[in-house]
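Trainee: give me a 3D structure for the following:
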Amino acid sequence: MEILVTLNESYLPPLQVMLTSLHLAHPGQPITLHLMHSGIPEESLEAVGSQCGLYGIRFSPIRVDEDLFEGAPVSAQYPRQMYYRLLAPQLLPRQLHRVLYLDPDVLILNSLLPLWQMDLEGKLFAAASHKGKAELASGLNQARLGTEGQYFNSGVLLEDLDEGRRQIRPQEIFRYAREHKKELLLPDQDILNALYGDKTLPLDDTLWNHDARNFSTYLIRSGGACTLDWVMQNTAVLHFCGRSKPWQAGYFRRFGVLYKHYIQLTRRTGLYLGK
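Mentor: Below you'll find the model as predicted:
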């Protein structure tokens, strides 16, 4: 599997926790981690590289020229690095044909292989739309962006790199970002939906991008089937969406203790960069 992450230095500790969960869910599976960044210090990259080595994961850091993204709307919460996933076809080696992008604020609970091997049916991406409480927001996003399909979350993206090299034009992304700067709330996600929503294959979010905030909603919508046991046995990607994160003090949501368990496992490597 070829895994892609894009982040700045502050998100290295969550990445390390995600790597621990990724490793434990895929014993013996060949994995390469491609880390795109714009200037993470070498000593911090060495810690991640050493952890990957410990887990048998090939580590491939890629420094991206920030000048390529001049004019794209960014903020403290949504840094320039989040655009890298959309331009992965242009930034990753051409011998790669597909890649699975993961946000660093996820835990991998079960195998990603069924997703990795999924037929994209000619689409550029595969992604999930968060259902339940997010359905109203999805409708508002459709109106805001002028789209008709469901609103996809960009935290888990299976990408066809060959099709992306043929169809994705960086200047089109930058032009859209400039022209719609005032409308973009989650810039990379909004651009994904506005420009490529009709080229995205829908995924089941309960399996591939389970919103950790909405356990009760999933449980009700499933008629009581989507229990904690079901999540632990079936969900592959548990995503800690939103501003409140499980590594922060005072996190109170249901899966916080599970996340702290993975933090402790990561600490045992002696390489953890967090507190």
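Trainee: okay, CA-based contacts and neighbour counts for the rest of this
Mentor: Will do.
Trainee: just the strands in the stretch 101-250 of the chain please.
Mentor: Assigned by DSSP state E, counting those that start in this stretch, the strands in the stretch 101-250 of the chain fall at 106-108, 125-128, 153-160, 200-203, 210-211, 237-239.
Trainee: among those, which is the most enclosed?
Mentor: Compared across the strands of the stretch 101-250 of the chain, strand 106-108 shows the largest average neighbour count, a mean of 26 (mean count of other Cα atoms under 10 Å).
Trainee: give me the sheet partners of that one and which way each runs.
Mentor: Strand pairing for strand 106-108, using DSSP bridges, gives strand 237-239 (antiparallel).
Trainee: the next helix or strand after the partner strand - contacts with which helices or strands?
Mentor: Per DSSP states H and E, the first helix or strand lying C-terminal to strand 237-239 is helix 256-267. Judged by 3 or more Cα pairs under 8 Å, 6 or more residues apart in numbering; DSSP states H and E, helix 256-267 is in contact with helix 12-25.
Trainee: for the helix or strand following the helix it packs on, what is the distance to the chain centroid?
Mentor: Note on helix 12-25: by DSSP H and E, the next helix or strand toward the C-terminus is strand 32-37. For strand 32-37, the separation from the chain centroid amounts to 12 Å (computed by Cα atoms, centre = their mean, to the nearest Å).
Trainee: restricting to C-alpha, output strand 32-37 in CSV.
Mentor: Output in CSV follows, covering the C-alpha atoms of strand 32-37 (Å, rounded to 0.1, in the frame of the first residue of the first chain):
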residue,chain,number,x,y,z
THR,A,32,5.2,3.0,2.0
LEU,A,33,4.5,6.3,3.8
HIS,A,34,4.8,9.4,1.6
LEU,A,35,5.0,12.5,3.7
MET,A,36,4.7,15.8,1.9
HIS,A,37,5.8,18.9,3.8
